[in-house]
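> Sharing a sequence plus its predicted fold:
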Protein chains: 2
Amino acid sequence: MGKPLPSAASAPNPLVVNVRARHCHLTPEAVEQLFGRGRQLTVHKWLYQEGQFAAEETVTLVGPRSRVISNLRILGPCRGLNQVELAYTDAIALGFEVPLRLSGAVHGAPGCRLMGPAGVFEMAEGVIRARRHAHLHPKDAEFYGVKQGDFMKLRLGGECGLVLERILCRVDPAFKLEVHIDTDEGNACNLQPDTACELFK
Amino acid sequence: MGKPLPSAASAPNPLVVNVRARHCHLTPEAVEQLFGRGRQLTVHKWLYQEGQFAAEETVTLVGPRSRVISNLRILGPCRGLNQVELAYTDAIALGFEVPLRLSGAVHGAPGCRLMGPAGVFEMAEGVIRARRHAHLHPKDAEFYGVKQGDFMKLRLGGECGLVLERILCRVDPAFKLEVHIDTDEGNACNLQPDTACELFK
């Protein structure tokens, strides 16, 4: 009709917001210790980022006060370090003091005990709350005018809507545009499949 | 120094933000059924709003899938209706589908079973997530330029800061300025005693 399209219409990719419930990433050695020699993770469900999956395997986490979370999902593939990501509500229920960290920055974060069907793995450190972040393809970063390490904001609508600030940008040609938030954040705004969302600088 | 003071300096009252963990309000009849004939609530801790208190008494909540929350705090004094306020994280853990409601608007909300030392109380309806809200004295409402039923926003600072939208205003001469949020909201932003907060239209 000759009218300009709204600017969002030129975004290279749709915005996807996913809640990451508590989970862990494990090394191949930890997987063998928990599930048995030679055991590898099996795919339960593929995630939105290419090659990432929720494994069929889960573990039991034992916290500092012997409180337990059962069925803690492992996300694959295996990584070079072990890390448990909890929401603060989870951490408080377990009795943890958990730092806010970038994924992978586990140094000095508290440890825990993980139990699997074949054994126990004492994780010396690595229980964190993952800092909220956005995965961006370089084309997404260009569209939003941000670069690796910048912060963005995410508005989530509805009757208990909110704006999440300080969403860290991670830019990589392998990434698809996706914001990861945790269950506290998702439940604070009652995130549903049809919740309106807007990512901005 | 002849400079104008920032506008916040003229606010009539300090802004207080409190997390309300899951709790219930009960009628005198429910208290008697749960704790015994003639029993009344006893004060554990006075709350910020005049006359409101956390009771020493707690109950056990049994959800629809026989899952349980122990030590659910009762807030006093007794009211004319029974109501359980849960965060969505609590509700999901219990297996409830819980509506977002104004406190007191319990019609059609799911029920639950409450257990106390002297008996069981079957609550036919009234498990809700309380809509986030602000208590304002009329002087606060005048300062912020809002009236009963308006919505405001609350910015909470820090490394996982956010802006909560759609905070309902409740105005009453008996109120002291206070925003109530739940544990999902408080944990989403890691609310601490020194977290910067700002209430605005």
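That came through, no problem.
> Dig out what residue A:133 forms beta bridges with.
residue A:168, residue A:180 (DSSP bridges).
> Would you agree it is in contact with residue A:170?
Yes - using CB atoms under 8 Å, residue A:133 is in contact with residue A:170, at 5.6 Å. All C-beta atoms are positioned from the backbone trio N, CA, C, and that covers glycine.
> Comparing these two, which residue is more hemmed in?
residue A:133 (19 against 16; other CB atoms under 10 Å in any protein chain shown).
> and the more buried one, what does it touch?
Residues near residue A:133 by CB atoms under 8 Å, 6 or more residues apart in numbering or on different chains: A:102-103, A:167-170, A:179-180.
> and the two most separated of those residues?
Distance extremes for the contacts of residue A:133: the farthest pair is A:102 and A:179 at 15.0 Å, using CB to CB.
> in a helix, that's where residue A:195 is, yeah?
No - read with DSSP: H, G, I helix; E, B strand; the rest coil, residue A:195 is coil and lies in no helix.
> Residue A:124 is in contact with residue A:111, isn't it?
Yes - Residue A:124 lies in contact with residue A:111 (CB under 8 Å); the separation is 4.7 Å.
> Who has more neighbours out of the two?
residue A:111 (15 against 10).
> Verify the stated contact: the more buried one with residue A:122.
Yes - with contact defined as CB under 8 Å, residue A:111 counts as touching residue A:122 (7.0 Å).
> Mind listing what's buried along stretch A:65-73?
Within stretch A:65-73, the residues scored as buried using 16 or more other CB atoms under 10 Å in any protein chain shown are A:69, A:72-73.
> cool, stretch A:21-36 as well?
Applying 16+ other CB under 10 Å to stretch A:21-36 flags A:21-27, A:30-35 as buried.
> Dump the buried residues of stretch A:65-73 to JSON lines, plus secondary structure, pLDDT and distance to residue A:16.
Output for the buried residues of stretch A:65-73, formatted as JSON lines (DSSP: H, G, I helix; E, B strand; the rest coil; pLDDT from 0 to 100; distance: CB to CB, whole Å):
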{"residue": "A:69", "secondary structure": "strand", "pLDDT": "96", "distance to residue A:16": "27"}
{"residue": "A:72", "secondary structure": "strand", "pLDDT": "98", "distance to residue A:16": "24"}
{"residue": "A:73", "secondary structure": "strand", "pLDDT": "98", "distance to residue A:16": "19"}
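> just the residues you listed now: which is nearest chain B?
The nearest member of these to chain B, counting by CB to the nearest CB, is residue A:69 at 11.1 Å.
> what are the bridge partners for that closest one, then?
Under DSSP bridges, the beta-bridge partners of residue A:69 are residue A:61.
> could you say which helix or strand contains residue A:49?
Here residue A:49 is covered by no helix or strand, with elements defined by DSSP states H and E.
> ugh, wrong one, I meant residue A:160
Short version: residue A:160 belongs to no helix or strand, going by DSSP H and E.
> Burial check on it, number of neighbours?
The number of residues packed near residue A:160 is 23, by other CB under 10 Å.
> ok now do it, which residues does it touch?
Taking CB under 8 Å, 6+ apart, we find residue A:160 in contact with A:188-190, B:100, B:129, B:131-132, B:166.
> with those residues in mind, which one is nearest to residue B:61?
So of the contacts of residue A:160, ranked by how close each gets to residue B:61 (CB to CB), first place is residue B:129, at 14.3 Å.
> Adjacent strands (with direction) for the helix or strand containing the closest one?
Assigned by DSSP H and E, residue B:129 falls within strand B:127-130. According to DSSP bridges, strand B:127-130 forms sheet pairs with strand B:83-85 (parallel), strand B:100-101 (parallel).
> tell me the average confidence for it?
Averaged across strand B:127-130, the pLDDT comes to 97.
> Over to stretch A:109-119?
97.
> Hmm, residue A:45 is touching residue A:52, no?
No - applying CB under 8 Å, one finds residue A:45 not in contact with residue A:52, separated by 10.1 Å.
> Kindly report the residues of chain A close to chain B.
Contact residues (CB under 8 Å from any CB of the partner chain) of chain A with chain B: A:87-89, A:92, A:100, A:129, A:131-132, A:159-166, A:182-185, A:187-188, A:190.
> By neighbour count, sort out the buried ones in those residues.
Buried members of the residues of chain A next to chain B, counted by 16+ other CB under 10 Å: A:87-89, A:100, A:129, A:131-132, A:160-166, A:182-185, A:187-188, A:190.
> Now, these that are in helices?
Residues of these located in helices (DSSP state H): A:88-89, A:183-185, A:187-188.
> Name the nearest residue to residue A:71, sequence neighbours excluded.
Residue nearest to residue A:71 in three dimensions, not counting chain neighbours: residue A:58, with 4.5 Å by CB to CB, 6 or more residues apart in numbering or on different chains.
> quick one: low-confidence ranges for chain A?
Chain A contains residues with pLDDT under 70 at A:1-10.
> quick one: the helices in it?
Counting by DSSP H, the helices of chain A are A:28-35, A:88-94, A:138-144, A:183-188.
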